[in-house]
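J.: Structure of the sequence below:
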Amino acid sequence: MTHRGNVGKHIGSADAGGPGCQTVAAGRRGRGPIFPGLAIGLLALLYSCGGNYALDYYAVGYDAAGDIAAPKFGADAVTKADAAGKADASTADAGTEPDGSAEDEEGEAANPDGVGAADGLTAGQDGAAGGGCGTAKACSEDAECPSLQCSVSSCKSGCCASTAAAAGSPCEDGDACTTGDSCGAKGCAGKPKTCDDGKDCTSDSCDPASGTCASALAPGWCQINGNCLADGQASLASACKVCDSAKSTGSWSLAASCCAKDADCPKGGACDVPTCDLATNLCGFQQAVGCCVADQDCSDGNACTIDSCDAASGTCAYKVAECQDPSPCQTAICDGKSGECKASTKAGWCLINGTCQSQGAQNAANGCQVCDSLASQDQWTVANGIGCNDGNPCTFNDTCGPGAKCAGTIQQGCCLSDADCAPSGNPCTLNSCDAALGLCMPKAKPGCCTTGTCCDAATKTIKPAKTVCGSLPVSTQYQCSGQDVQQRDITAGCNGTSGDGCSTAAGDLVTSVWKTVQSCASGTVCTASGSSVKPTCKSTVPAGSCANSCGGKSSNGVCFCDSVCTSAGDCCADFKATCSCSSGTCCDTAAGLFKAKGSACPGVKSQYQCVGKELQKRTDSGSCDGKGVCGSTATPAWGAWVKSKTCTSTQNCAALVDLSAGDCYAIPPGSCIGACGTLGQSECYCDAMCTQLGDCCGDYVKAGCVGLTACGGSAPNSCKGICGKQSSGSSLCWCDTGCETFGDCCADKALCACQ
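T.: Sure, this is the predicted structure:
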């Protein structure tokens, strides 16, 4: 079918031939062709209403050019069409409203586009039926249906129908400040457009008409170089640049405390000229020319004046410095360049070693020297030929001679030195020349003695202080060290000043090292009762126990711990747990019990000693302790010494003092000559401990270091009491820090604790 346009809207109106004509709708598509009879009826209706209308649609097979020409389907079709047309026309006439204008107006109100509810025909009905689409628009295709937001319009059965668009379908809500408009449950809506410029100092908004974002600056804020700044906030580059929104919101304003010109700056001191630094906008001062603020501003170039500044007035003052004569024989004058008071000696005076001497004065230390100011004002002058005193009672006619030496004629019978005196005949005294008297006088030898318990008769020397001299201890002290009972003795000692100086004074007493005199057995504990009372071993084993009693009666009860107690029924409660065994050297395997305490067992302790280059060893026979352990007794039964090994010519044999260990050690390189009692020359040692540690120098014996065990043992070549000095003996050994480098240390330097 060809669409020709809409049929006239109001059939029966004044223009259409009068009342009584119904609105004729365009034929519908999609429901089949309009039959010829129907078409004829429609045409008759249109003509009867007086309208000149063109048909909207032609039925299939209808020839419009023939003006109701015969259908092209044959005679039967024409007859059917005629019949149908008559029937349709009669039906249309019968259904015509008395006044169609009201219905048309109602339809026009519901459909602004002019297509009323009665404009269309429902399929199977003729146009006379009217009102087939109700308030909906009649249509013949989808394009005729109005387009609404968020709905899908289509032509169904000749009427426009709408369905909701799918959620999320794009639409336009008419607001330019939204984006991504889409259909939803509440119709077409979009997301608000983001207009936030990221600044805290602005209020952001959007123009709904144009969608343009706008930002308004908040009161009390500035926006400078894109940065938000609150009133009073200063620039990081300059404290003089601040935000002052009352003056400018887009540029920096000058801070109240800053300046823009010199006149903005406050006045200063007397010499201060106010200035404004235009680069920083800060006030400062320049010093007025010729004005002073400190003493250094007043230098006149003369070192002999005291320059000062009066800060209140800014003026300089100069005072001449005065020099004081340093001594009665000197005059001081100021040097204008250095400002130093330089002194010169007055005529007729000498200034020698800081002391004023008048012309002709003699040197108190040497009468052959005098002050001669004409020869020298700062040195003594030799006066040959004048009388003097050489201080020697054995001379007379003393006279000054060459070299400012005073010499006289020697008197016969006087001594001038110890060499002039004969021997005394007493080993502890010597005749010495008394220079003041010129006579030989007896003098005691320091550190020498002939008798007394503190005298070393062999060397006739006084034994060192705190050397044991009493045969019995003054007192004995005890202590517990774990399970060991230990004892030490306090004995009288030498005072170090006299051969008879065996003293019990507190400072001279000698205290021995602690030594173990008893070990408490297991099951007991060492219990002290005071430093002067020997501790006791108190039992910690409960009464009636086999502890330490295996093989006999309980040591602290009436029960037994032997092999027959089981049959006798008198075993201690802990008999099996304490005394039973199955193997071991201290187990009676036949009875299944520990051997009794004291039963012999193989040795468990060894001792070592050195005899020359030979290392010897002996072993304790040992005994059972009553608890299945083979151990040493308090007084071991040592076997004979037997050779363990022989050290080579390049080894030292060394054994510890307690004989618990010994072996052969390679002799380290070096020498003990001049180093007895300390570190040898190189890596070896020459003290008493080296024989126990195997690090003696190879010449330890030949150098004479054997037996040197105490400070003072090598008197008079000893470091005793003279650390850091030279000894008084004939060998001239030393006790200072350099002796080890030169190899001339006294033998007992280390033993005397000299550093």
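J.: Surely Thr453 touches Cys469?
T.: Yes. Counting by C-beta atoms under 8 Å, Thr453 does reach Cys469; the two are 4.6 Å apart. Any C-beta I mention is one placed from the backbone N, CA and C, and that applies to glycine too.
J.: Between these two, which contacts overlap?
T.: 494, 502 (C-beta atoms under 8 Å, 6 or more residues apart in numbering).
J.: Which residue lies closest in space to Cys271, excluding its sequence neighbours?
T.: Cys291 (3.5 Å; C-beta to C-beta, 6 or more residues apart in numbering).
J.: Who are the contact partners of that neighbour?
T.: The contact partners of Cys291, taken as C-beta under 8 Å, 6+ apart, are 270-271, 297, 314-315.
J.: let's see it at 10 Å
T.: Residues in contact with Cys291 (C-beta atoms under 10 Å, 6 or more residues apart in numbering) are 269-273, 297, 309, 311, 313-316.
J.: which residues touch the one residue sitting closest to the centre of the chain?
T.: For the chain, the residue nearest the mean C-alpha position is Leu236 (33.9 Å; C-alpha atoms, centre = their mean). Contact analysis of Leu236 by C-beta under 10 Å, 6+ apart lists nothing.
J.: Whichever strand or helix holds Cys316 packs against which elements?
T.: For Cys316, the host element (DSSP states H and E) is strand 315-320. Where contact means 3 or more C-beta pairs under 10 Å, 6 or more residues apart in numbering; DSSP states H and E, strand 315-320 is packed against strand 305-310.
J.: Adjacent strands (with direction) for the strand it packs on?
T.: Strand 305-310 sits in its sheet next to strand 315-320 (antiparallel), going by DSSP bridges.
J.: Please identify the buried residues of the helix or strand just after the strand it pairs with?
T.: Using DSSP H and E, the helix or strand that directly follows strand 315-320 along the chain is strand 330-334. The neighbour-count criterion (16 or more other C-beta atoms under 10 Å) identifies Cys334 as the buried residues of strand 330-334.
J.: And for stretch 717-730?
T.: Buried positions in stretch 717-730, judged by neighbour count with 16+ other C-beta under 10 Å: 718-720, 722, 727.
J.: hmm, back to that, and the pLDDT at the residue nearest to Cys271?
T.: Looking at Cys291, its pLDDT is 86.
J.: which phi and psi does it have?
T.: Torsion angles at Cys291 (phi, psi; degrees, to the nearest 10) stand at phi -100, psi 150.
J.: For Cys664, which non-adjacent residue is closest in space?
T.: Closest to Cys664 by C-beta to C-beta, 6+ apart is Cys647, at 3.8 Å.
J.: Counting neighbours, what do you get for the one you found?
T.: Using other C-beta atoms under 10 Å, Cys647 has 20 neighbouring residues.
J.: Buried ones in the helix or strand containing Ser182, by neighbour count?
T.: Element membership for Ser182, per DSSP H and E: strand 178-184. The neighbour-count check on strand 178-184 (16+ other C-beta under 10 Å) flags 178, 181-183 as buried.
J.: same question for that strand, mean pLDDT?
T.: pLDDT averaged over strand 178-184 gives 87.
J.: now swap in stretch 306-313 and tell me
T.: Mean predicted confidence for stretch 306-313 is 85.
J.: Can you give me the buried ones in it?
T.: Neighbour-count burial for stretch 306-313 [16+ other C-beta under 10 Å]: 307, 309, 311.
J.: Lys720 and Ala753, how far apart?
T.: Per C-beta to C-beta, to the nearest Å, Lys720 is found 10 Å from Ala753.
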